[in-house]
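Enquirer: can you look at this prediction? I've put the sequence above it.
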Amino acid sequence: MPAALLLDALCVLAFVVIGRINHEEGLTAAGVALTLWPFLAGTAAGWAASLPWKPWRNPAAVMPTGVLVLVLTVGAGMLLRSAAGGGTPLSFVVVAALFLSAALLGWRAIALLLRRRSGGRTAAGARSG
């Protein structure tokens, strides 16, 4: 499970870094942290919400873990960003949802394919079961 959580955090970090580069906002530690924290908080909320489904059994599962992480990363991330005074125009919400969907569900889909090819091990290090 720690590897899957780390992969999710790296996906969110990639979203933030790419966005800051594309909008010429700079890559200072403070700037990245300011943009990153609402979405990482959403990611943590997604993992917490998935606990009733025992995500440690298959941390790379698209359902329910991946979907919960995605929905709360985007949803809670936008709400926290807005509450902190950050902008959340519709175009930003759409781009964030698309990028994070591809990233957070994409690595899980790749892990599923790798697990099938390797006879049961996931890329995140857990056995399916």
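Expert: Okay, I see it. Not measured: the values here are computed from a predicted model.
Enquirer: am I right that E24 sits in a strand?
Expert: No - under DSSP: H, G, I helix; E, B strand; the rest coil, E24 sits outside any strand and is assigned coil.
Enquirer: count of neighbours near it?
Expert: For E24, the number of neighbouring residues by other Cβ atoms under 10 Å comes to 6. The C-beta positions use only the backbone N, C-alpha and C, and glycine is treated the same way.
Enquirer: do A83 as well
Expert: Applying other Cβ under 10 Å, we find 10 residues neighbouring A83.
Enquirer: next one: P52
Expert: Neighbours of P52 under the rule other Cβ under 10 Å: 9.
Enquirer: low-confidence bits of this structure, can you list those?
Expert: For the chain, applying pLDDT under 70 flags the ranges 120-129.
Enquirer: longest helix in this structure, please.
Expert: Assignment by DSSP state H gives helix 90-118 as the longest helix of the chain.
Enquirer: please state the offset of that one from the chain centre?
Expert: For helix 90-118, the distance from its own C-alpha centre to the chain's C-alpha centre is 8 Å (Cα atoms, centre = their mean, to the nearest Å).
Enquirer: okay, buried residues for that helix please.
Expert: 96-97, 99-101, 103-105, 107-108, 111-112, 115 (16 or more other Cβ atoms under 10 Å).
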